[in-house]
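Colleague: A structural model of the following input is requested.
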Amino acid sequence: MVATRAVYPAGLAYVERAALLVQLRQEERRWQQCHADPSLAQLYHDHAQARHADVNLNEGEEESQTRYQASKKKKFVKLSDDDLLIDWYDVLKLEQQDGATEEQIRNAYRRRCLETHPDKQRNHSDELFKQVQRAFDILGDPEVRLTYDSSRPFDDAIPEETLGDKDFYATFAPVFERNKKWSRDSALPSLGTDATPIKDVVRFYDRWNSYQSWRDFSHAADLEEIHEDMPREEKRFYLRENERQLAHFKREEQQRIRALVERARKNDPRLQRQRQAEDDKRRREVEARDAFRAKLQNEQQQKRLEQEERERAKKEAERRAAQEIKDAMRQAHTDVVALFVSHQLLDEASSNKLFCTVVRQSNITWLFSKINQLAAAQQVLARLQGLSTARVPRHSTTLDSAVAADATADEEEKQEVEVVLVFNAIIHEKEREVGFTRYGDPVKKAPAAKQPAAATSAAAAGAPAPAW
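Modeller: Purely as a prediction, here's the structure:
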């Protein structure tokens with residue numbers, strides 16, 4: 001009996017799971033082998049990098065292939081040196097020259113085919129007919145026509161940086177018009193005239209600053225022809241080399257246009273007038289600002305000078321007033337001294353002792369050194385003026401007890417002078433006021449006056465008897 005096996009259907013999920021399990025087992029086996037033999041680890045690593053490089057190479061190949069396919073079309077019609085020397089627009093009788101549209105080129109081609117067909121030639125020559133065909137091969141293909149138009153003679157010269165006596169518009173306007181043909185922007189503005197509004201002038205330079213040229217320099221560059229049977233790396237190398245050469249010519253073209261725009265901007269009389277007007281405006285603003293600042297500084301300086309003058313005058317007035325007071329006090333001092341001198345009552349001894357008949361000058365000096373106000377100095381003089389200066393017998397009752405204790409009368413004559421006694425009283429008043437004597441000692445308080453004994457007895461007798 002033959003053994004049978006059950007066959008179960010395998011769905012997509014089952015197949016994917018089986019493939020995943022196989023991949024996991026292979027990874028586990030590879031991991032074990034790497035641990036067992038380190039050289040295998042390096043080998044696996046090199047294989048992984050190679051696979052990653054192939055992926056990047058394929059991506060770069062796609063980009064290169066795109067560029068290659070874009071440039072393949074030019075190889076169907078190869079422009080020879082003879083092709084570049086012939087005016088193919090004249091062959092098709094196109095009056096518009098390189099400004100002709102595709103429709104105008106097709107119509108001219110049909111018309112010229114009828115005119116140059118061999119059946120219409122006397123000698124049945126097809127030379128003109130072939131030339132017309134060649135003209136359409138070149139001008140009928142937009143990319144080949146672009147290469148042909150770019151290869152035709154063209155004046156790349158631009159004016160110098162300085163014009164000298166040359167007219168700006170006559171010098172630069174034709175150059176800008178001539179270079180419009182290479183611009184991708186078919187609506188580039190013209191240079192204009194001296195009456196063009198400044199906003200249009202600014203717009204003109206802004207548009208030309210963003211100038212983009214479609215000019216093809218394939219005829220000027222030493223390009224390598226790329227074939228289909230070339231190896232991939234060689235094909236990519238030549239493609240990059242061709243692009244590098246073309247990019248170099250495009251940069252030079254862009255720099256030429258940029259130099260043209262900058263030189264025109266530098267010499268444009270309209271911009272020069274605008275710059276001059278802006279400079280004049282800025283200069284006027286600076287001058288006005290400086291004038292305002294100078295005026296403000298002058299006003300502040302004037303106010304400061306006036307304030308300083310007022311302060312100086314005030315200080316001068318205060319100084320004069322103080323000097324006048326000082327002079328008046330000095331005069332009062334002098335008058336007091338003169339009062340005593342005139343009546344021979346001044347003693348010039350250096351002692352500060354008080355007498356009843358003379359005044360020592362040191363006491364006058366001490367008194368006025370303690371007086372700070374003019375009124376007080378004048379009051380001293382007023383109190384002394386008009387008093388008696390005669391020597392009279394001494395009357396102890398006329399003296400203050402403190403004055404009598406301090407003053408020493410002449411023992412022989414027993415005399416006193418009223419003005420001297422008043423001066424001594426003023427000295428004692430000032431000592432009590434300042435708290436120090438003329439010797440520098442603190443002033444002692446005067447002792448309380450004692451009642452007479454008889455008065456005390458009488459008071460005791462008149463008092464009521466205590467109630468015991």
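
Colleague: per-domain residue ranges of the protein.
Modeller: With domains defined by automatic domain parsing, the chain comprises 13-72, 81-149, 168-264, 328-434.

Colleague: will you turn those domains into JSON lines that also has mean pLDDT and mean neighbour count?
Modeller: To be clear about C-beta, it is placed using only N, CA and C from the backbone, and glycine gets the same treatment. Shown next, in JSON lines, are the domains of the chain (pLDDT from 0 to 100; neighbours: other Cβ atoms under 10 Å):
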{"stretch": "domain 13-72", "mean pLDDT": "61", "mean neighbour count": "11"}
{"stretch": "domain 81-149", "mean pLDDT": "83", "mean neighbour count": "15"}
{"stretch": "domain 168-264", "mean pLDDT": "87", "mean neighbour count": "15"}
{"stretch": "domain 328-434", "mean pLDDT": "82", "mean neighbour count": "16"}
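
Colleague: identify whichever of those domains lies nearest to residue 288.
Modeller: Among the domains of the chain, the nearest to residue 288 by Cβ to Cβ is domain 168-264 (24.2 Å).

Colleague: CSV for the domains of the chain, including distance to residue 294?
Modeller: What follows is those, written out as CSV (distance: least, Cβ to Cβ, whole Å):
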stretch, distance to residue 294
domain 13-72, 68
domain 81-149, 64
domain 168-264, 34
domain 328-434, 49
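
Colleague: just checking, residue 94 touches residue 102?
Modeller: No. In this structure, residue 94 is not within contact of residue 102 by Cβ atoms under 8 Å, at 11.6 Å.

Colleague: what's the closest of the domains of the chain to residue 299?
Modeller: Minimum separation from residue 299 across the domains of the chain (Cβ to Cβ) falls at domain 168-264, 40.3 Å.

Colleague: quick one: end-to-end distance for the closest one.
Modeller: Domain 168-264 has an end-to-end distance of 8 Å (criterion: Cα to Cα, to the nearest Å).

Colleague: the residue nearest to the spatial centre of the chain and residue 280: what is the separation?
Modeller: Geometric centre of the chain, nearest residue: residue 286, 18.2 Å, by Cα atoms, centre = their mean. Distance, residue 286 to residue 280, by Cβ to Cβ, to the nearest Å: 11 Å.

Colleague: and residue 448, what's its pLDDT?
Modeller: For residue 448, the model assigns a pLDDT of 55.

Colleague: ok so, going back, between the domains of the chain, which one is closest to residue 311.
Modeller: Proximity to residue 311, assessed across the domains of the chain by Cβ to Cβ, is greatest for domain 328-434 (24.9 Å).

Colleague: end to end, how far does the closest one reach?
Modeller: Criterion Cα to Cα; first-to-last residue distance in domain 328-434 is 22 Å.

Colleague: quick check: next helix or strand after the biggest helix by length in the chain?
Modeller: Secondary structure of the chain per DSSP state H: the longest helix is helix 269-342. Note on helix 269-342: by DSSP states H and E, the next helix or strand toward the C-terminus is strand 346-347.

Colleague: run me through the strand neighbours of that next one, direction for each.
Modeller: strand 359-360 (parallel) (DSSP bridges).

Colleague: for the partner strand, which outside residues touch it?
Modeller: 340, 345-354, 420, 423-424 (Cβ atoms under 8 Å, 6 or more residues apart in numbering).

Colleague: rerun at 10 Å
Modeller: Contacting residues not belonging to strand 359-360 are listed as 336-337, 339-341, 345-354, 366-367, 384, 417, 419-420, 423-424, 427 [Cβ atoms under 10 Å, 6 or more residues apart in numbering].

Colleague: got it, and stretch 242-260?
Modeller: 67, 71, 150, 156-159, 161, 172, 175-176, 179, 182-183, 208-209, 211-213, 215-218, 220-226.

Colleague: how far does stretch 183-192 sit from the chain's center?
Modeller: Remark: stretch 183-192 is offset 40 Å from the chain centroid, using Cα atoms, centre = their mean, to the nearest Å.

Colleague: alpha carbons of that stretch, as PDB, please.
Modeller: Once non-C-alpha atoms are left out, stretch 183-192 reads as follows in PDB (Å, rounded to 0.1, in the frame of the first residue of the first chain):
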ATOM      1  CA  SER A 183      17.400  86.100 -22.700                       C
ATOM      2  CA  ARG A 184      14.900  83.500 -21.600                       C
ATOM      3  CA  ASP A 185      12.700  86.500 -20.700                       C
ATOM      4  CA  SER A 186      11.300  87.700 -24.000                       C
ATOM      5  CA  ALA A 187       9.900  90.900 -22.400                       C
ATOM      6  CA  LEU A 188      13.100  92.400 -21.100                       C
ATOM      7  CA  PRO A 189      12.700  96.300 -21.000                       C
ATOM      8  CA  SER A 190      14.900  98.600 -23.000                       C
ATOM      9  CA  LEU A 191      17.300 101.200 -21.700                       C
ATOM     10  CA  GLY A 192      14.900 104.100 -22.300                       C
END
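
Colleague: what sits up against that stretch?
Modeller: With Cβ under 10 Å, 6+ apart, stretch 183-192 has contacts from 168-169, 171-177, 179-180, 196, 200-201, 203-208, 210-215, 257, 264, 268, 270.

Colleague: ok, now with 8 Å
Modeller: With Cβ under 8 Å, 6+ apart as the test, stretch 183-192 has contacts from 169, 172-173, 176-177, 180, 200-201, 203-204, 207-208, 210-214, 264.

Colleague: with stretch 110-128 instead?
Modeller: Applying Cβ under 8 Å, 6+ apart, the contact partners of stretch 110-128 are 91-93, 129, 131-132, 135.

Colleague: ok, so of the residues you listed, who is nearest residue 143?
Modeller: Nearest to residue 143 among the contacts of stretch 110-128: residue 135, at 15.9 Å, using Cβ to Cβ.

Colleague: list the contacts of the closest one.
Modeller: 88, 91-92, 109, 112.

Colleague: quick one: the contacts of stretch 110-128 as JSON lines, columns for distance to residue 143 and secondary structure too.
Modeller: Shown next, in JSON lines, are these (distance: Cβ to Cβ, whole Å; DSSP: H, G, I helix; E, B strand; the rest coil):
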{"residue": "91", "distance to residue 143": "19", "secondary structure": "helix"}
{"residue": "92", "distance to residue 143": "18", "secondary structure": "coil"}
{"residue": "93", "distance to residue 143": "23", "secondary structure": "coil"}
{"residue": "129", "distance to residue 143": "24", "secondary structure": "helix"}
{"residue": "131", "distance to residue 143": "21", "secondary structure": "helix"}
{"residue": "132", "distance to residue 143": "20", "secondary structure": "helix"}
{"residue": "135", "distance to residue 143": "16", "secondary structure": "helix"}
